[in-house]
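Novice: Take a look and give me a structure for this.
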Amino acid sequence: MTKLLPLFAAALVASAGAAAAGGFVPVVAETPVTAPAPAPVVITPQAAPSGDWTGLYLGGQLSFGQLGYERDDGDAGEADLDGAVGGLHAGYLRDFGRIVAGAEVAYDWADLKVDDEDEVTFDAGADLEGIARAGLRLGYDGGRVLPYATGGYARANLSEELAGSGEDSADGYYFGGGVEYAVTDRFSLGGEVLRHEFDLDVDGLDTGLTTVGVRAAYRF
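Specialist: Numbers count the residues shown, from 1 in each chain. Modelled structure (predicted):
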């Protein structure tokens with residue numbers, strides 16, 4: 001028994017030394033790392049035009065025009081002048097809900113030439129150089145779309161005095177219609193057809209100008 005005690009003590013010392021050298025390694029459970037969720041992307045839509053047409057506006061127009069000179073009896077022939085017509089316009093509209101009404105003034109410069117296919121059998125007298133207009137507009141508020149009718153006073157400026165009258169201008173009237181589209185609250189595009197009738201103060205001579213074109217305006 002006394003011989004076993006030294007051996008037992010040596011075994012205890014050896015095991016204690018091994019424990020001190022290596023130590024006990026605790027088992028640590030790994031915690032999974034979760035990536036943060038991405039922030040939601042918020043898309044803010046652009047504000048649509050309000051559809052309120054009230055206010056001042058300024059713009060320009062470009063049209064194809066045809067001016068016809070014709071005798072009442074039809075025996076003296078006729079002449080058609082075709083070409084570009086374009087200029088500036090300004091006006092004011094008031095939106096009353098469904099009805100939109102206002103006034104507009106405009107001036108067009110003309111570059112009309114006699115149609116090569118026409119056989120001119122009388123002296124038309126002068127070329128058209130410009131048209132001034134002042135009239136009213138009446139339309140329907142369709143939101144971003146405004147169909148309208150228009151009409152009023154028109155004055156033609158001629159390149160020279162008209163044979164038989166001694167005048168280089170002629171008074172008359174115009175009427176027509178169009179559609180305008182509000183691209184934004186400030187900018188609009190449209191199309192328009194107008195008919196002009198002028199009194200040339202020459203017996204038996206009628207004249208009329210038809211224009212078909214586009215227009216754009218900035219709204220204040």
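
Novice: isn't Thr211 right up against Gly178?
Specialist: No. Counting by Cβ atoms under 8 Å, Thr211 sits too far from Gly178 to count as a contact (10.8 Å). For glycine as for every other residue, the C-beta is placed from the backbone atoms N, C-alpha and C.

Novice: who's more crowded, the two?
Specialist: Per other Cβ atoms under 10 Å, whichever of Thr211 and Gly178 has more neighbours is Thr211, with 24 against 21.

Novice: gap between the more buried one and Ala156?
Specialist: According to Cβ to Cβ, to the nearest Å, Thr211 stands 12 Å off from Ala156.

Novice: ditto for Phe64
Specialist: Distance, Phe64 to Ala156, using Cβ to Cβ: 17 Å.

Novice: Of the two, give the one with the bigger neighbour count.
Specialist: A direct count of neighbours by other Cβ under 10 Å for Phe64 and Ala156 places Ala156 higher, at 25 against 13.

Novice: Angles on the backbone of Leu62, please.
Specialist: Reported as degrees, to the nearest 10, the phi and psi values for Leu62 are phi -140, psi 130.

Novice: Grab the nearest non-local neighbour of it.
Specialist: Once flanking residues are discounted, Leu62 sits nearest to Gly86: 4.1 Å by Cβ to Cβ, 6 or more residues apart in numbering.

Novice: Please tell me how far that neighbour sits from Asp141.
Specialist: Counting by Cβ to Cβ, the gap from Gly86 to Asp141 is 28 Å.

Novice: Poorly predicted segments of the chain, please.
Specialist: The chain contains residues with pLDDT under 70 at 1-50, 71-79, 114-126, 160-167, 201-205.

Novice: What segments of it are strands?
Specialist: According to DSSP state E, the chain carries its strands in the segments 55-71, 78-95, 99-114, 128-140, 145-158, 169-182, 187-199, 205-219.

Novice: What pairs with the last one, parallel or antiparallel?
Specialist: The pairing partners recorded for strand 205-219 under DSSP bridges are strand 55-71 (antiparallel), strand 187-199 (antiparallel).

Novice: Turn those strands into JSON lines, columns for distance to Ala106.
Specialist: As requested, those are exported to JSON lines (distance: least, Cβ to Cβ, whole Å):
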{"stretch": "strand 55-71", "distance to Ala106": "7"}
{"stretch": "strand 187-199", "distance to Ala106": "10"}
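
Novice: Lovely, talk soon.
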